[in-house]
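Undergrad: Here's my sequence, what's the structure:
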Amino acid sequence: MSKRCYYEVLGVERSASEEDLKKAFRRLAMKHHPDRNPDNKECEGHFKEAKEAYEVLGDAHKRQLYDQHGHAAFEHGMGGRGGAGFGDVGDIFGDIFGDIFGMGGGRGRQRRGADLRYVLELDLEEAVFGVERAIDVPTLAACDKCSGSGSADGKLSTCGTCQGHGRVRMQNGIFSIQQTCPHCAGTGKAIANPCKPCRGEGRVQRQKHLSVKIPAGVDTGDRVRLGGEGEAGPAGAPSGDLYVEVAVREHAIFQRERDDLYCEVPIRFSQAALGAEIEVPTLGGEASIKIPAETQTGKSFRLRGKGVRNVRDGHVGDLICRAVVETPVKLSKHQRELLQQFEASFGDDAAEHTPRATGWLDGVKQFWERVTS
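TA: Take a look at the predicted model:
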């Protein structure tokens with residue numbers, strides 16, 4: 001099977017700049033990298049193809065040969081410098097993937113502490129109006145004894161694993177990649193006399209007490225980032241971040257949909273038939289709505305500006321109240337007699353006063369006629 005054109009593999013024009021090539025390779029590598037697609041042979045093939053294409057086109061000398069002779073430049077030893085697919089790709093991974101897959105970059109680069117996620121449950125009112133809450137987060141914090149260095153006496157020596165480079169080379173089949181040294185975390189230094197409380201890690205397990213301000217208008221899934229409040233990095237490396245994710249509890253009255261609030265308002269049969277003015281709850285206090293005569297269950301009433309102020313653009317939603325006609329219960333004898341008299345008063349004109357029921361019955365009749373015909 002013939003090889004595809006390297007420019008076609010990367011999806012770029014032949015005039016593409018080095019930066020264009022790097023961006024194209026980075027995009028394909030992020031999509032097809034084996035670490036992100038375990039046991040996926042198709043993705044593995046795409047990744048190898050993209051890597052080979054970038055090894056050639058990313059090198060000015062190899063690219064010139066490829067533009068002149070195509071794939072033949074490397075099939076017959078013309079390419080020099082190791083040929084396509086067999087070069088030292090450690091630098092490719094170090095330069096391009098250092099911040100994607102954790103494969104270390106230059107000397108002295110340290111592993112940053114891990115980011116943390118904390119789920120904070122809020123009542124609807126707290127989410128709508130904002131709140132400041134104290135939270136306790138279990139995390140790895142810098143050791144007080146050694147100030148996070150991991151060394152009891154502050155003395156450091158050259159790391160014997162990476163020989164001070166901060167990186168080690170890993171061989172996996174045809175791949176040769178460079179990773180942050182697991183022993184020195186990329187510093188290139190080793191601890192001669194490890195700190196006992198943290199065992200040379202520079203960090204210890206601790207409960208961190210923090211105060212977080214939740215802005216008004218947040219909703220479930222929104223996050224507040226607290227920079228540097230994640231796990232401390234090993235041996236004095238920078239800390240990660242803490243992401244406080246909001247989870248809003250269900251409310252007894254209101255349901256939220258984006259910036260609008262919804263609630264059901266039960267009304268009596270007489271109020272629905274004759275009309276009434278009733279008080280309804282809002283998050284800012286009570287408000288009045290007018291129920292017109294002959295209101296049916298499901299009719300909605302919109303109160304402008306009584307919803308939620310959007311945390312991003314400041315837009316204020318509405319409160320939509322849905323009328324629900326409630327059937328009376330626990331009737332007295334007198335009330336039952338009154339209702340019986342009321343029902344009898346319809347006589348032969350019941351359809352005129354109940355158009356919804358009449359329409360439904362007509363629909364049922366037509367349905368049965370179609371079924372039985």
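
Undergrad: F25 contacts E55, correct?
TA: No. Look at F25 against E55 with C-beta atoms under 8 Å: they stay out of range, at 9.4 Å. Using the backbone N, CA and C atoms, a C-beta is placed for each residue, glycine as well.

Undergrad: Overlap in contacts, these two.
TA: Applying C-beta atoms under 8 Å, 6 or more residues apart in numbering, one finds that no residue jointly contacts F25 and E55.

Undergrad: Partner strands of the host helix or strand of Y118 and their direction?
TA: Counting by DSSP states H and E, the element that carries Y118 is strand 116-122. Taking DSSP bridges as the criterion, strand 116-122 forms sheet pairs with strand 242-248 (parallel).

Undergrad: Which positions within the partner strand qualify as buried?
TA: Across strand 242-248, burial judged by 16 or more other C-beta atoms under 10 Å covers L242, Y243, V244, V246, V248.

Undergrad: Tabulate these (JSON lines), appending pLDDT and distance to K41.
TA: What follows is the buried residues of strand 242-248, written out as JSON lines (pLDDT from 0 to 100; distance: C-beta to C-beta, whole Å):
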{"residue": "L242", "pLDDT": "93", "distance to K41": "39"}
{"residue": "Y243", "pLDDT": "94", "distance to K41": "35"}
{"residue": "V244", "pLDDT": "93", "distance to K41": "40"}
{"residue": "V246", "pLDDT": "92", "distance to K41": "41"}
{"residue": "V248", "pLDDT": "93", "distance to K41": "43"}
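
Undergrad: still on that earlier bit, next secondary structure after the strand holding Y118?
TA: helix 124-129.

Undergrad: packing partners for that following helix?
TA: strand 242-248 (3 or more C-beta pairs under 8 Å, 6 or more residues apart in numbering; DSSP states H and E).

Undergrad: in the helix or strand harbouring E44, what's buried?
TA: Counting by DSSP H and E, the element that carries E44 is helix 41-57. Within helix 41-57, the residues that count as buried by 16+ other C-beta under 10 Å are 43, 46-57.

Undergrad: Which helix or strand lies directly C-terminal to that helix?
TA: Per DSSP H and E, the helix or strand that comes after helix 41-57 is helix 60-69.

Undergrad: Show me which residues of that following helix are buried.
TA: Buried residues in helix 60-69 (16+ other C-beta under 10 Å): K62, R63, L65, Y66.

Undergrad: if we can go back for a sec, I'd like the buried residues of strand 242-248 as JSON lines, with distance to T220 appended.
TA: Formatted as JSON lines, the buried residues of strand 242-248 follow (distance: C-beta to C-beta, whole Å):
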{"residue": "L242", "distance to T220": "18"}
{"residue": "Y243", "distance to T220": "14"}
{"residue": "V244", "distance to T220": "13"}
{"residue": "V246", "distance to T220": "6"}
{"residue": "V248", "distance to T220": "5"}
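
Undergrad: What degree of burial does L140 show, as a neighbour count?
TA: Counted with other C-beta atoms under 10 Å, the neighbours of L140 add up to 23.

Undergrad: How about Y262?
TA: 16.

Undergrad: Help me confirm that it comes into contact with F254.
TA: Yes. Counting by C-beta under 8 Å, Y262 does reach F254; the two are 6.8 Å apart.

Undergrad: what residues are shared contacts of these two?
TA: L319.

Undergrad: how close does V137 get to G202?
TA: 19 Å (C-beta to C-beta, to the nearest Å).

Undergrad: of these two, who's got more company?
TA: Neighbour totals were compared for V137 and G202, and G202 leads with 26 against 20 (other C-beta under 10 Å).

Undergrad: ends of stretch 140-152, how far apart?
TA: 18 Å (C-alpha to C-alpha, to the nearest Å).

Undergrad: Fine by me, thanks again.
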